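Asker: got a predicted structure plus its sequence, pasted below:
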Amino acid sequence: MTRPAETVELLVCIKCRQGQDAPEDAERPGAALYRALSGDAVPGVTITPVECLSNCSRGCTIALRGPGRWTYVYGNLDPAQHPDLIRDKAAKYAATADGLVPWRERPEHFRKNCIARLPPLVPPAPNLGEM
């Protein structure tokens, strides 16, 4: 059973500098990524700017989360190259009941640049038969 897509949130770190030195008044790559993503909404996905996802050494960073779902943190994103890829990933994530998009359905960039996977706040009971 699929959860309602409106429970999904895409967090975008707007403080990211992609490891670059930039003047304080210049638009940061993370803010540019947020701006690029805000232009075309993904149905049922809320895009939220956040101050820092503490992944500064691995480029622009996003996180996907939702109630009862696994949370994923992804890095090495480029504001000019990856907005459509991020929208695709967010749509696939929203279409799941638990946030687990099958490996082969994940864009390659997301397979290689997953920073963290966090269980839901109330995780399902572990299957001890698989231990």
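Answerer: Perfect, thanks for sending it.
Asker: C-alpha only now, for contacts and for neighbours.
Answerer: Fine.
Asker: spatially central residue in the chain, please.
Answerer: residue 63 (3.0 Å; CA atoms, centre = their mean).
Asker: got the contact list for the helix or strand hosting that residue?
Answerer: Using DSSP states H and E, residue 63 maps to strand 60-65. Here strand 60-65 makes contact (CA atoms under 8 Å, 6 or more residues apart in numbering) with 8-13, 16-18, 29-30, 33, 53, 55, 71-79, 90, 93, 99.
Asker: just for the chain, where's the confidence low?
Answerer: Low-confidence segments of the chain, defined by pLDDT under 70: 1-6, 18-22, 123-125, 130-131.
Asker: ok, which stretches of it are helices?
Answerer: For the chain, applying DSSP state H gives helices covering 29-39, 83-94, 108-112.
Asker: check which helices and strands the first one sits against.
Answerer: If contacts are counted by 3 or more CA pairs under 8 Å, 6 or more residues apart in numbering; DSSP states H and E, helix 29-39 sits against strand 8-13, strand 45-50, strand 60-65, helix 83-94.
Asker: out of those, which is closest to residue 25?
Answerer: Among those, strand 8-13 comes nearest to residue 25, with 16.9 Å by CA to CA.
Asker: for stretch 57-77, list every residue counted as buried.
Answerer: Of all the residues in stretch 57-77, those buried under the rule 16 or more other CA atoms under 10 Å are 58-77.
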